[in-house]
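Trainee: below: sequence and its predicted model.
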Amino acid sequence: MRRLSTTTTSEKAPGAVSTRRSATLVAAGVLCSRIVGLVRQRVIAHYFGLTTDAADAWAAGFKIPNLLQNLFGEGALSASFIPVYASLLPHDRREADRVAGAVASLLALIVSAIVLVGVVTAPWLVTLIAPGFEGARRELTLSTVRILFPGAGLLVMSAWCLGVLNSHRRFFLSYAAPVVWNVTMIAALVWFGPSATLPRLLEILAWASVGGSALQFAVQVPTVWRLSPQLAFGVRQLSGEVRTVARNFVPAFFSRGVVQVSASIDNVLSSLLPTGAVAALSNAQTLYTLPISLFGMSISAAQLPELARAAGDGGGHEGLRQRLDGGLRHIAFLVVPSAMAFLALGDVIAAALFQTGRFGRADAVYVWGILAGSGVGLLASTLGRLYASTYYALRDPRTPFRYASVRVVLTTVLGYLCAIPLPGLLGLDPAWGAAGLTASAGVAGWVEMWLLRRQLNARIGRTGLPVMLVARLWLAALAAAGIGWVIKLQLPPSWPPVLIGGAVLLPFGVAYLAGTLAAGIPEARALLKRVL
């Protein structure tokens, strides 16, 4: 943190308007896909419940190929490919298209091999990711993983499309494309759900995911081809730029995917807890990764091509610092109320989104406990994405990898201690160990973010959030949460959860905006101006 200056970096950063527009497009695309994703999760909760073998099998089985998608696709590929490709576009479009084609060819070969190995070694992967599963839960998870792996390969190729589109500043399509993937799964559940048994419905859902993955890739290809008409596929002659992408891919693979790695560790540990913990953690992850994706991803994705261009132009690091500080301010303004809502109003959020069918009130409270734990490190995890993007723009993926490794170790050690022995020592039900997983991961996230910031400050100069700004944001969020609590206590419990959610969360958001406006936060004024 640093002291508040009289002129905010967001106001004086070069190209701020263009970056804000790009971030808005990313956020709009992410919002569309995430809203449909929440609908998908609600429909799954309706038909699968929380404490069934099928619910746990889907939550665990989905993590394995999803990890492949996030690590090879949107995470590592964006970090290693976009800085190189975006820096080539202004100078040599033909070479840029050749690099894109070569990267696509290499990626297709590698992912095809991994998918084949994944299908064959699925029994060992299930043992690794869910060591506590036995009997029907294990068999259902195994069959689900084998079906999902080919779809994960298609999603990785979809992430290559995202890299091309983002470099051309076409942000909305790439982030809205998952809508068709989610809609395909929702349609399958609605069509077959009323009549199919749970094991059969689980298989149908897995195949629908594969079909949706193919559609997600297909809707992006025409625009990619139009923007890059000279794409040349093949790996016979790899240029120096392609080798740079490949060289940076390995450290980016680990550093960019730390959220997914941490989530996988949580998944392993939650499989050792009572039935329902894996599904509850999955539902909570759907919620607490929303602000990370919606705000952190939108700003980081919009900044990465611009940071790469700025880093390539030379002339010192002033532009990098201004862009970074402006992005940090916007992230904090949006993420602080999200963290407060998870801490104070998580039961309202979980009930509004998931309480239907087999998913009851007690399940919503359980998910709230896990959400509250995630609120501990939500801000750090989101800020860390932007710090890591700055390193990638400087073509330095190794520093984020080093600190991501520290986070993974901390997540594993602290997660085990907080999830397994700690509930017993406190006299709590072992199931509440799932909340210890998210809280300990948050602590690890703060350590990683601090390390990233310290090293970057030594390299490009002082960056960070003003202390008074952070204090005012948390005070405004706390006051808004108090208003939300008062409203919640006055509402009749017989009201539908969705109606209660709207009656509580809408005033919470309005109160936060009013509080930040009263505190003179520039981002609040900018948001109000855009809304009006």
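Mentor: Ah, there it is. Numbers count the residues shown, from 1 in each chain.
Trainee: which parts of the helix or strand where P150 lies are buried?
Mentor: Element membership for P150 (DSSP states H and E) is helix 135-167. Within helix 135-167, the residues scored as buried using 16 or more other CB atoms under 10 Å are 137-138, 140-167. (Glycine included, C-beta is placed from N, CA and C.)
Trainee: just checking, G163 touches P83?
Mentor: No. Counting by CB atoms under 8 Å, P83 is not a contact partner of G163; they are 10.1 Å apart.
Trainee: centre of the chain to the helix holding P150, how far?
Mentor: 16 Å (CA atoms, centre = their mean, to the nearest Å).
Trainee: who are the packing partners of it?
Mentor: helix 53-68, helix 76-88, helix 93-120, helix 122-129, helix 171-176, helix 198-227, helix 298-313 (3 or more CB pairs under 8 Å, 6 or more residues apart in numbering; DSSP states H and E).
Trainee: need these in JSON lines with mean pLDDT and distance to V335, can you?
Mentor: As requested, these are arranged in JSON lines below (pLDDT from 0 to 100; distance: least, CB to CB, whole Å):
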{"stretch": "helix 53-68", "mean pLDDT": "79", "distance to V335": "23"}
{"stretch": "helix 76-88", "mean pLDDT": "76", "distance to V335": "20"}
{"stretch": "helix 93-120", "mean pLDDT": "86", "distance to V335": "32"}
{"stretch": "helix 122-129", "mean pLDDT": "86", "distance to V335": "29"}
{"stretch": "helix 171-176", "mean pLDDT": "82", "distance to V335": "18"}
{"stretch": "helix 198-227", "mean pLDDT": "91", "distance to V335": "27"}
{"stretch": "helix 298-313", "mean pLDDT": "65", "distance to V335": "10"}
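Trainee: and V26, which of these is closest to it?
Mentor: V26 sits nearest to helix 298-313 of all the helices and strands packed on helix 135-167, at 3.8 Å, using CB to CB.
Trainee: low-confidence ranges, the chain, go.
Mentor: Filtered on pLDDT under 70, the chain yields the residue ranges 1-23, 64-66, 69-76, 79, 235-239, 250-263, 301-316.
Trainee: determine how far the longest helix seen in it lies from the middle of the whole chain.
Mentor: If you go by DSSP state H, the chain has its longest helix at helix 318-354. Mean-position distance between helix 318-354 and its chain equals 13 Å (CA atoms, centre = their mean).
Trainee: before we move on, what about stretch 483-490?
Mentor: 30 Å.
Trainee: what's it in contact with?
Mentor: With contacts defined as CB atoms under 8 Å, 6 or more residues apart in numbering, stretch 483-490 is touched by 341, 344-345, 348, 500, 503-505, 507-508, 511.
Trainee: may I see the buried residues of that stretch?
Mentor: 483-484, 487-488.
Trainee: kindly report the same for stretch 398-412.
Mentor: Result for stretch 398-412 [16+ other CB under 10 Å]: buried residues 399-401, 403-405, 407-408, 410-412.
Trainee: for the residues you listed, give me CSV that also has secondary structure.
Mentor: Shown next, in CSV, are these (DSSP: H, G, I helix; E, B strand; the rest coil):
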residue, secondary structure
T399, helix
P400, helix
F401, helix
Y403, helix
A404, helix
S405, helix
R407, helix
V408, helix
L410, helix
T411, helix
T412, helix
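Trainee: in contact with L379, which residues?
Mentor: L379 neighbours (CB under 8 Å, 6+ apart): 331-332, 335-336, 339.
Trainee: if we use 7 Å, what do you get?
Mentor: Going by CB atoms under 7 Å, 6 or more residues apart in numbering, L379 touches 332, 335-336, 339.
Trainee: now, which of those residues sits nearest V224?
Mentor: V335 (31.4 Å).
Trainee: can you tell me how far that closest one sits from T382?
Mentor: Separation of V335 from T382 (CB to CB, to the nearest Å) stands at 5 Å.
Trainee: just want to know which of the two has more residues nearby.
Mentor: Shown here are V335 and T382; by other CB atoms under 10 Å, T382 has more neighbours (29 against 23).
Trainee: the nearest residue to that one once chain neighbours are set aside - how many residues pack around it?
Mentor: Leaving aside its chain neighbours, T382 sits nearest to G296 (3.7 Å; criterion: CB to CB, 6 or more residues apart in numbering). Using other CB under 10 Å, the number of residues around G296 comes to 26.
Trainee: could you verify my assumption that G296 touches I331?
Mentor: Yes. G296 is within contact range of I331, at 6.0 Å (criterion: CB atoms under 7 Å).
Trainee: which neighbours do the two have in common?
Mentor: 382, 386.
Trainee: just give me the closest of the contacts of stretch 483-490 to G433.
Mentor: For the contacts of stretch 483-490, the nearest to G433 is A344 (22.0 Å; CB to CB).
Trainee: quick one: what helix or strand has the residue nearest to that closest one when sequence neighbours are not counted in it?
Mentor: With sequence-adjacent residues excluded and distances taken as CB to CB, 6+ apart, A344 is closest to A481, at 4.0 Å. In the assignment (DSSP H and E), A481 maps to helix 467-490.
Trainee: report the backbone C-alpha coordinates of that helix in CSV.
Mentor: What follows is helix 467-490, C-alpha atoms only, in CSV (Å, rounded to 0.1, in the frame of the first residue of the first chain):
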residue,chain,number,x,y,z
VAL,A,467,-4.1,3.1,2.2
MET,A,468,-6.9,5.6,2.7
LEU,A,469,-8.6,4.4,-0.5
VAL,A,470,-8.7,0.8,0.8
ALA,A,471,-10.0,1.9,4.2
ARG,A,472,-12.8,4.0,2.6
LEU,A,473,-13.8,1.1,0.4
TRP,A,474,-14.0,-1.4,3.3
LEU,A,475,-16.0,1.1,5.5
ALA,A,476,-18.5,1.7,2.7
ALA,A,477,-18.9,-2.0,2.1
LEU,A,478,-19.3,-2.7,5.9
ALA,A,479,-22.0,0.0,6.2
ALA,A,480,-23.8,-1.4,3.1
ALA,A,481,-23.7,-4.9,4.6
GLY,A,482,-25.2,-3.6,7.8
ILE,A,483,-28.1,-2.2,5.8
GLY,A,484,-28.5,-5.6,4.1
TRP,A,485,-28.6,-7.4,7.4
VAL,A,486,-31.3,-5.1,8.8
ILE,A,487,-33.4,-5.7,5.6
LYS,A,488,-32.8,-9.5,5.8
LEU,A,489,-34.0,-9.7,9.4
GLN,A,490,-37.2,-7.9,8.6
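Trainee: please consider this matter closed, and thank you.
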